[in-house]
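**Student:** coordinates for the following, if possible.
(chains A, B, C and D)
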Protein chains: 2
Amino acid sequence: MNISEKLSPFELVPDDRALAIREALRNAIVDRRLAPGTKLVESEVGELFEASRTVVRAALQMLAFEGLVRTERNRGAFVSNPTPEEARQVFASRRLLEPGIAAAAVDRITDEEIEGFRHHLKAEVRFMSERGPAARRAEIKASGDFHLMLAAVAGNAILQRFMDELVARSSLVIALYGSTGVSRCGHHEHADILEALEQRDAVRASALMLHHIDHIEADLDIRVRDGLALKDALHI
Amino acid sequence: MNISEKLSPFELVPDDRALAIREALRNAIVDRRLAPGTKLVESEVGELFEASRTVVRAALQMLAFEGLVRTERNRGAFVSNPTPEEARQVFASRRLLEPGIAAAAVDRITDEEIEGFRHHLKAEVRFMSERGPAARRAEIKASGDFHLMLAAVAGNAILQRFMDELVARSSLVIALYGSTGVSRCGHHEHADILEALEQRDAVRASALMLHHIDHIEADLDIRVRDGLALKDALHI
DNA sequence: GCTATCACAATCGTATCCAATTCATCGGCA
DNA sequence: TGCCGATGAATTGGATACGATTGTGATAGC
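**Tutor:** The predicted structure follows:
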């Protein structure tokens, strides 16, 4: 099975409609087409997807489990609005997981997969050079996909699911707290990590990954935002 | 198979009934009062808890997310029956997370929490000395709780949730693949880890934790079981 | 006697329905 | 004018109803 198929922009729509809705909402949230704090009214979503509230509720419940939406009893579901503390925890978790994932990937990566990564990096560069919010979103998404591809290569389904969640939440965090936007060094670091993978250098790969995560987090401005935190506290 | 006898009816603490049912089922699965492969019929569970299928489905969906039950479309939900590969992945994940959690706990643990751990270890010893399947289950549970307490101390809600899932699945794996039972060295290792925590020795704590996980996994007999795998393949 | 087909029972997936809760608007009153 | 409680619309939580799917057992045919 090749990677590009697993991570193609248009993932195969599962016949299960709840999963399909979950995927669509997930993408919208990660892409920030749905802003944090947005209320997701069950009937509205249902109408949008031509599904009844029952199935929408199932989708929202899944997203709540992933931490992408927050549900409040009798009030509904809202696109998650990560606090600075949550943001820190997301990256602390990634620091724990991803170096190990990179090391595991070294042992299992195939030449085909390396080729897939090269192809992906080219796309990342392309998005970086383009202007506009759409390209910016695509850049954030592609950057996250690199990490997801790596998790897929590592061959541990559990870790892969954890990374799914962490990358999605990272996208939210970056969108919320990103100061200058996606760090421009991101691509180079991805390329360096790929190089270490090619050389089957597990130590270097995991060290580079750790630094990479540190850089991503360092480029953020994770602080309580005046007024936003207030609104957060009483309304969200 | 009748599940009604294996669930103590009222262990519900949270006011949310779906969460209560999830907790009860979760405990039953982790304690192995519900054997892997057992079918969880929605209407049966609902009757047992005096809840409608709607809320039962929500609980089952949550458990499916955690990997404790497996759902098959149009067939229902079954208590998860981890394959050897899944078992290995569970422990690989723990090897990645828990040393870091132990190190983080060193920085945050309070004297009161240390006292709590001491108390918990005493209980572990007590269960170890008792005979019978009930004590055995209690021992497995207490052993897992040690790790969950540590995750709680580490102060990262995301990691704590991951550990919740991993410990629960580990209990299933141990119950399925445990050869000689819970390793008797388990308690000593917990005590050693606690000692490292008291001494605020992060390096030692994480090293001990890593060895501890290795020992737990080494005490298992993670192999495909003749006939069980077959039955597994076509029936589960 | 064995296999294939069919009908029925059990169970799930989903839509719809009703009660409970929340939120906002409006009117009364100090 | 400003605050407080009542009223009503909107929305969620949960139960139920109904069609769809699967598994099973009986029956017929080979």
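
**Student:** next secondary structure after the helix or strand bottoming out on mean pLDDT in chain A?
**Tutor:** One helix or strand of chain A scores below all others by mean pLDDT, DSSP states H and E: helix A:3-6, with a mean of 28. Per DSSP states H and E, helix A:3-6 leads on to helix A:17-30 as the next helix or strand towards the C-terminus.

**Student:** may I see the buried residues of that following helix?
**Tutor:** By neighbour count with 16 or more other CB atoms under 10 Å in any protein chain shown, helix A:17-30 contains the buried residues A:17-18, A:20-23, A:25-27, A:29-30. C-beta coordinates here come from the backbone N, C-alpha and C atoms, glycine included.

**Student:** just stretch A:35-44 next, same as before
**Tutor:** Quick answer for stretch A:35-44 (16+ other CB under 10 Å): A:36, A:38, A:40, A:42.

**Student:** and the residue sitting furthest away from the middle of chain A, helix, strand or coil?
**Tutor:** The outermost residue of chain A relative to its centre, with distances by CA atoms, centre = their mean, is residue A:74 at 28.7 Å. Under DSSP: H, G, I helix; E, B strand; the rest coil, the three-state class of residue A:74 is coil.

**Student:** got the phi/psi numbers for it?
**Tutor:** Dihedral angles of residue A:74 (phi, psi; degrees, to the nearest 10) stand at phi 60, psi 10.

**Student:** ok, it to residue B:205 distance?
**Tutor:** 43 Å (CB to CB, to the nearest Å).

**Student:** and what of residue A:31?
**Tutor:** 41 Å.

**Student:** more neighbours, these two?
**Tutor:** In this view residue A:31 and residue B:205 are compared by other CB atoms under 10 Å in any protein chain shown, and residue B:205 has more residues nearby, 27 against 17.

**Student:** what does the domain assignment say about chain A?
**Tutor:** A:12-79, A:84-218 (automatic domain parsing).

**Student:** quickly compare the ones you listed and say which is most buried.
**Tutor:** Highest mean neighbour count among these (mean count of other CB atoms under 10 Å in any protein chain shown): domain A:84-218, with a mean of 19.

**Student:** for chain A, what are the low-confidence residue spans?
**Tutor:** Scanning chain A with the threshold set as pLDDT under 70 gives A:1-15, A:180-186, A:225-236.

**Student:** what does it put close to DNA strand C?
**Tutor:** For chain A, the contact set with DNA strand C under CB under 7 Å from any atom of the strand comprises A:16-18, A:51-55, A:58, A:74-75.

**Student:** which elements pack onto whichever helix in chain A runs longest?
**Tutor:** Determined from DSSP state H, the single longest helix within chain A is helix A:84-108. Applying 3 or more CB pairs under 8 Å, 6 or more residues apart in numbering or on different chains; DSSP states H and E, we find helix A:84-108 packed against helix A:133-154, helix A:157-177, helix A:185-198, helix A:202-218, helix B:84-108, helix B:157-177.

**Student:** format those as TSV; extra columns: distance to residue B:131.
**Tutor:** Formatted as TSV, the helices and strands packed on helix A:84-108 follow (distance: least, CB to CB, whole Å):
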stretch	distance to residue B:131
helix A:133-154	42
helix A:157-177	34
helix A:185-198	52
helix A:202-218	45
helix B:84-108	27
helix B:157-177	17
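
**Student:** and residue B:213, which of the ones you listed is closest to it?
**Tutor:** When the helices and strands packed on helix A:84-108 are compared by CB to CB, helix B:84-108 sits nearest residue B:213, at 5.2 Å.

**Student:** next SSE downstream of that closest one?
**Tutor:** helix B:111-129.

**Student:** so what touches that following helix?
**Tutor:** Applying CB atoms under 8 Å, 6 or more residues apart in numbering or on different chains, the contact partners of helix B:111-129 are B:135, B:138-139, B:142-143, B:145-146, B:149, B:153, B:182, B:184, B:186-187, B:190-191, B:194, B:197-198.

**Student:** can you do 6 Å?
**Tutor:** B:135, B:138-139, B:142, B:153, B:187, B:190-191, B:194, B:198 (CB atoms under 6 Å, 6 or more residues apart in numbering or on different chains).

**Student:** with stretch A:85-97 instead?
**Tutor:** A:166, A:169-170, A:173, A:213, A:217, A:222, B:96-97, B:100, B:156, B:158-159.

**Student:** which stretch among the domains of chain A comes nearest DNA strand D?
**Tutor:** Proximity to DNA strand D (CB to the nearest atom of the strand) singles out domain A:12-79 among the domains of chain A, at 3.5 Å.

**Student:** for the closest one, what is the distance to the chain centroid?
**Tutor:** 16 Å (CA atoms, centre = their mean, to the nearest Å).

**Student:** next one: stretch A:197-215
**Tutor:** With CA atoms, centre = their mean, you get 19 Å for stretch A:197-215.

**Student:** now stretch A:83-95
**Tutor:** 13 Å.

**Student:** next: stretch A:121-132.
**Tutor:** For stretch A:121-132 - counting by CA atoms, centre = their mean - the centre lies 17 Å from the chain centre.

**Student:** same deal with stretch A:92-110?
**Tutor:** Using CA atoms, centre = their mean, the offset of stretch A:92-110 from its chain centre is 16 Å.

**Student:** ok and the residue in chain A nearest DNA strand C?
**Tutor:** Closest point on chain A to DNA strand C, by CB to the nearest atom of the strand, is residue A:52, at 2.7 Å.

**Student:** the residue lying closest to that residue once chain neighbours are set aside in helix, strand or coil?
**Tutor:** Distances taken as CB to CB, 6 or more residues apart in numbering or on different chains place residue A:46 nearest to residue A:52, at 5.7 Å, with adjacent residues excluded. Here residue A:46 is helix, with the state taken from three-state DSSP.

**Student:** from residue A:30, how far out is residue A:46?
**Tutor:** For residue A:46 relative to residue A:30 (CB to CB), the value is 21 Å.

**Student:** over to residue A:39?
**Tutor:** Applying CB to CB to residue A:39 and residue A:30 gives a distance of 18 Å.

**Student:** so which elements touch the helix or strand hosting residue A:54?
**Tutor:** Under the criterion of DSSP H and E, residue A:54 resides in helix A:53-66. Packing partners of helix A:53-66 (3 or more CB pairs under 6 Å, 6 or more residues apart in numbering or on different chains; DSSP states H and E): helix A:17-30, helix A:42-49.

**Student:** angle of it against helix A:157-177?
**Tutor:** 90 degrees (axes from the mean of the first three to the mean of the last three CA atoms, to 10 degrees).

**Student:** can you tell me what sits against helix A:53-66?
**Tutor:** A:17-18, A:21-22, A:42, A:45-46, A:69, A:71, A:77, A:165, B:65.

**Student:** give me that answer again for 7 Å
**Tutor:** If you take CB atoms under 7 Å, 6 or more residues apart in numbering or on different chains as the criterion, helix A:53-66 is touched by A:17-18, A:21-22, A:25-26, A:40, A:42-43, A:45-46, A:69-71, A:77, A:165, A:168, B:58, B:61-62, B:65.

**Student:** now swap in stretch A:196-215 and tell me
**Tutor:** Against stretch A:196-215 from outside (CB under 7 Å, 6+ apart): A:91, A:94-95, A:98-100, A:102-103, A:105-106, A:109, A:114, A:183, A:185, A:189, A:192-193.
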